[in-house]
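Chemist: here is a sequence with its predicted model. Questions after.
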Amino acid sequence: MDSQLEFFSHAVSADFDILVALLNTTKNGAEKTESTLRSARDFQCYQPDHHQYHSLIADECVKQSGFSSYAEALQAVCAKFGVNGENTEEKEHELMWKAVSLAAKEYTEEDYIRFALELRIQPKTYSFVGIKEAVNAKFAEKEILPMYKIALCVNALVLGYFAENPCASSKPYESSLLELRSVERFAKFALFSENVLGAHSEQEAFCLALVLAVAALRKRDLVFYGRSGDSKAELIRKMKRFTALLKTVPAFAYAKGNTEVMELVYAFNRAYLGMYKMPLPKEMACEMLFGTMFSSLSAEEREAVAKAEQCTMDLKQISDKLLSLGISKDQMQDLIGVLALSNNKLIKIENIFIEWAVKLGLR
């Protein structure tokens, strides 16, 4: 097995779905006649438990790339895109960002705000450069796992190589994709369209997809530790929980024509995070709590947010009012949870979450 792909032995089966699809399926969905992986005994016996034959997958990656090693394939792709790096991981890292920059070149500021929220970062500017700087800072400090989410986004890019998603029937893959808050939004990444890639041969496009799939797999496999001492698995669990809460909180926090609940929810956010001197930017707070941008709110709704920013009630008073309006205790706990998880600088997030749920009589 190629030494640059030895990390395959640490990856779980579901993470190989896209790579196996690239190796066994043409971009139009037909079976690849040149694939030797499909006819391999271990593949026929164990698929879709891809980890069982990870070395075969590694060998097939090199074979189908047309190069003698993964390093040569990576170098050829990087040269095509003007990407440099001192070693394999640096080249992959910069190539990932190059791919994201090409795919997101039509993004608006609103798109970048949603992207930043998905990654749990607060960049200096809501632009490609601002987000890249913020993610790389976290990556260098090993503080949190935004790169894990970037890897998911890059996997979404690779799927653009195919006419139809070849992994749609894979349950592990489906659950993995749901870690992205908005599949529809990230589907706007159109890396493999002709107007983005330009004059690339079919083999060059395939090699790009192959290398990006490997790079995304490597980023997901890296082990980091957060400031609170969390393992990679624990941080990923919290990210998944945060994503789930981002889908549930807007369902009760935002109802058109009912600004009373909306105002109190925003006020709760200001009071709660204000205690830790970590208020979220207005656009990000609205997206997180209401599922929509501040700029998309009606005049009446914007006025409610303005009132909430001047609110002087404490958390207990705000909580009692929300409960009196029909918000359940479970929903209040979800609100505390999404706010606690929204800022990775909160140390021992789970303890803070439970502490406030008890203080407010929700547990």
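Modeler: Cool, the structure landed. Source: prediction; values computed, not measured.
Chemist: could I get the phi/psi values of D49?
Modeler: Note on D49: backbone dihedrals following degrees, to the nearest 10 are phi -80, psi 70.
Chemist: distance of it relative to N165?
Modeler: 21 Å (C-beta to C-beta, to the nearest Å). Glycine gets a C-beta too; all of them are placed from N, C-alpha and C.
Chemist: now C45: how far from L19?
Modeler: 19 Å.
Chemist: which one's more surrounded, the two?
Modeler: The residue with more neighbours, out of C45 and L19, is L19; 26 against 10, by other C-beta atoms under 10 Å.
Chemist: which ones are touching the closest residue to that one other than its chain neighbours?
Modeler: Closest residue to L19 apart from its sequence neighbours, by C-beta to C-beta, 6 or more residues apart in numbering: A213 at 4.8 Å. By C-beta atoms under 8 Å, 6 or more residues apart in numbering, the contact list for A213 reads I18, L19, L22, N155, V158.
Chemist: possible to save the residues you listed as CSV with secondary structure?
Modeler: Shown next, in CSV, are the contacts of A213 (DSSP: H, G, I helix; E, B strand; the rest coil):
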residue, secondary structure
I18, helix
L19, helix
L22, helix
N155, helix
V158, helix
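Chemist: most neighbours of all those residues, which one?
Modeler: I18 leads the contacts of A213 on contacts (other C-beta under 10 Å) with 28 neighbours.
Chemist: measure the residue nearest to that residue when sequence neighbours are not counted to Q203 for me?
Modeler: Spatial nearest neighbour of I18, excluding adjacent residues (C-beta to C-beta, 6+ apart): A213 at 5.0 Å. From A213 over to Q203 the distance is 16 Å, taken as C-beta to C-beta.
Chemist: quick check: closest non-adjacent residue to K105.
Modeler: V196 (7.5 Å).
Chemist: the helix or strand where the one you found lies - contacts with which helices or strands?
Modeler: Here V196 is covered by helix 194-197, with elements defined by DSSP states H and E. In terms of contacts (3 or more C-beta pairs under 8 Å, 6 or more residues apart in numbering; DSSP states H and E), helix 194-197 is packed against helix 88-103.
Chemist: in CSV, list the C-alpha atoms belonging to the helix it packs on.
Modeler: C-alpha atoms of helix 88-103 as CSV (Å, rounded to 0.1, in the frame of the first residue of the first chain):
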residue,chain,number,x,y,z
THR,A,88,1.7,16.1,1.2
GLU,A,89,-0.6,17.5,3.9
GLU,A,90,0.3,21.1,3.1
LYS,A,91,-0.5,20.5,-0.6
GLU,A,92,-3.8,18.8,0.3
HIS,A,93,-4.7,21.6,2.7
GLU,A,94,-4.1,24.3,0.1
LEU,A,95,-5.8,22.3,-2.6
MET,A,96,-8.9,22.0,-0.5
TRP,A,97,-9.1,25.7,0.0
LYS,A,98,-8.5,26.3,-3.7
ALA,A,99,-11.4,24.0,-4.5
VAL,A,100,-13.7,25.7,-2.0
SER,A,101,-12.7,29.2,-3.3
LEU,A,102,-13.5,28.2,-6.9
ALA,A,103,-16.8,26.5,-5.9
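Chemist: name the next helix or strand downstream of that helix, please.
Modeler: Assigned by DSSP H and E, the successor of helix 88-103 is helix 109-119.
Chemist: okay, and for this structure, where does confidence drop off?
Modeler: For the chain, the stretches flagged by pLDDT under 70 are 143-144, 172-178, 180-189, 223-230, 343-353, 363.
Chemist: show me it divided up by domain.
Modeler: 3-221, 232-359 (automatic domain parsing).
Chemist: relative to the whole chain's centre, how far out is stretch 190-199?
Modeler: Offset of stretch 190-199 from its chain centre (C-alpha atoms, centre = their mean, to the nearest Å): 23 Å.
Chemist: quick one: terminal-to-terminal distance for that stretch?
Modeler: Terminal residues of stretch 190-199 are spaced 16 Å apart (C-alpha to C-alpha, to the nearest Å).
Chemist: in that stretch, what counts as buried?
Modeler: Buried residues in stretch 190-199, counting neighbours by 16 or more other C-beta atoms under 10 Å, are found at A190, L191, F192, V196, L197.
Chemist: redo those residues as CSV? Include distance to A116.
Modeler: CSV is the format used below for the buried residues of stretch 190-199 (distance: C-beta to C-beta, whole Å):
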residue, distance to A116
A190, 20
L191, 20
F192, 25
V196, 22
L197, 26
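Chemist: quick one, the helix ranked longest in the chain and helix 109-119 angle?
Modeler: Taking DSSP state H as the criterion, the chain has its longest helix at helix 232-253. If you take axes from the mean of the first three to the mean of the last three C-alpha atoms, to 10 degrees, helix 232-253 sits at 130 degrees to helix 109-119.
Chemist: so which elements touch the helix or strand just after helix 232-253?
Modeler: Next along the chain after helix 232-253, taking DSSP H and E as the criterion, comes helix 259-274. Other helices and strands packing on helix 259-274, by 3+ C-beta pairs under 8 Å, 6+ apart, are helix 232-253, helix 282-290, helix 299-309, helix 315-324, helix 329-342.
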